[in-house]
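Q: what follows is a predicted protein model with its sequence.
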Amino acid sequence: MLYDQNFLTRLESGLRTALPVWGLASSTQLRLLTISENATYLAEDGTNRLILRVHRPHYHSEAEIRSELAWIAALHESAVVTTPRPIPTRDGHLLANFSDGESDRFAVAFAYMSGDEPDTSHDLIKWYGVLGEITARLHQHSRQWRRPNNFTRKLWSFETIIGPDAHWGDWRLAPGLDAAGKATLERTATLLAAQTKAYGQTPDRFGLIHCDMRAANLLVEGERLGVIDFDDCGMSWFVYDFAAAVSFMEHEPFIPELMAAWLAGYRRVAPLAEEHAQALPMFVMLRRMQLTAWIATHAETPTAQAMGEAYTHGTIALAARYLSKTSP
């Protein structure tokens, strides 16, 4: 699935055939915002603004998408987090489908939310403190919420993050990975397998999480921090939400400050035992290896192209440091 111009033209043409189900003309202005697992568009017709998410085929099932939307609806009902609400079609459905000429695709519409990604050069520590509070509220809701009987979301365990059955592919295919780097990452993966097994998956530490509250999925406006994109929500370690929150910047020298701010914010809302706080570096390393695999298997995306071999080399350096500081 190469995201070249021909593909994007075909995808937009297919999406335009579905616009009337939301009451939009097929000629409505569409602007591609992001493309990674899914393609996200802004649709504007002068009076309405909708965010349209076009799903990648064969990544999430229809039941998985509906389960994500069910959690978002429950979060709205409980006013747990500020996040765009799904917008139904004129017939009251939350999912639409269309053909792009080669594949059938699901599409979901969300209300438009204004705001900008937090600026890494300004007030990032402040916002990660707020994010810690939001994450604690999400986790409280997750623990208490009675999920629908047909609720199903992906499992994010060691095996599906960087193990043999990893959802995002094999880190061993990372661009620029040489034999020495591979050996370092193999030792790191072995250590992480043992550490995550020892940490365990008991209900006090493992459940339904957002799993992708990175800076690109946060919207700041004034004093409001909004959270978008629950597409990767699933079952994982609760504190893995912090690891996901520092995606693509795990190497930055300010990460310990973000971690301290996030922990302080979390603990303003809910208790978090020191055992879980001490596990954060382990999960940051695990997430870094997962993203290294993602870059390897999503080379067609702008994010992967921007990161390339430099991200792999950074992962090796982080892994070497992690091995030097950590014992099994």
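A: Okay, I see it.

Q: what sits against residue 213?
A: Contacts for residue 213 were tallied using CB atoms under 8 Å, 6 or more residues apart in numbering; they are 131, 134, 135, 227, 241, 244, 245. To be clear about C-beta, it is placed using only N, CA and C from the backbone, and glycine gets the same treatment.

Q: before we move on, what about residue 172?
A: With contact taken as CB under 8 Å, 6+ apart, residue 172 is in contact with 182, 185.

Q: sorry, back to before: out of the contacts of residue 213, who's nearest residue 79?
A: Residue 79 has its nearest neighbour among those in residue 134, at 11.9 Å by CB to CB.

Q: now the closest one: how far from residue 124?
A: According to CB to CB, to the nearest Å, residue 134 and residue 124 sit 15 Å apart.

Q: ok, these two, which is more surrounded?
A: With neighbours defined as other CB atoms under 10 Å, residue 134 and residue 124 compare such that residue 134 has more, 23 against 19.

Q: ok, that one touching residue 81?
A: Yes: Residue 134 is in contact with residue 81 according to CB atoms under 8 Å; the separation is 5.6 Å.

Q: what touches both of these two?
A: residue 227.

Q: can you give me the end-to-end span of stretch 220-231?
A: Terminal residues of stretch 220-231 lie 20 Å apart, using CA to CA, to the nearest Å.

Q: list the buried ones in that stretch?
A: 220, 225, 226, 227, 228, 229, 230, 231 (16 or more other CB atoms under 10 Å).

Q: show me where the stretch 201-328 of the chain has its strands.
A: Counting by DSSP state E, counting those that start in this stretch, one finds strands in the stretch 201-328 of the chain at the ranges 206-209, 218-221, 224-227, 234-237.

Q: re earlier: okay, and which of the contacts of residue 213 map to helices?
A: With DSSP state H as the criterion, helices contain 131, 134, 135, 241, 244, 245 from among these.

Q: only whichever of those are buried, select them in PyMOL.
A: In PyMOL, this line selects whichever of those come out buried by 16+ other CB under 10 Å:
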select buried, resi 131+134+135+241+244+245
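
Q: quick one: contacts for residue 12?
A: Contact analysis of residue 12 by CB under 8 Å, 6+ apart lists 30, 32, 41.

Q: which SSE is it in?
A: Element membership for residue 12 (DSSP states H and E) is helix 5-18.

Q: next one: residue 42
A: According to DSSP H and E, residue 42 maps onto strand 39-44.

Q: list the buried residues in that strand.
A: In terms of neighbour count (16+ other CB under 10 Å), strand 39-44 has its buried residues at 39, 40, 41, 43.

Q: swap in stretch 274-288?
A: Result for stretch 274-288 [16+ other CB under 10 Å]: buried residues 276, 277, 279, 280, 281, 282, 283, 284, 285, 286, 287, 288.
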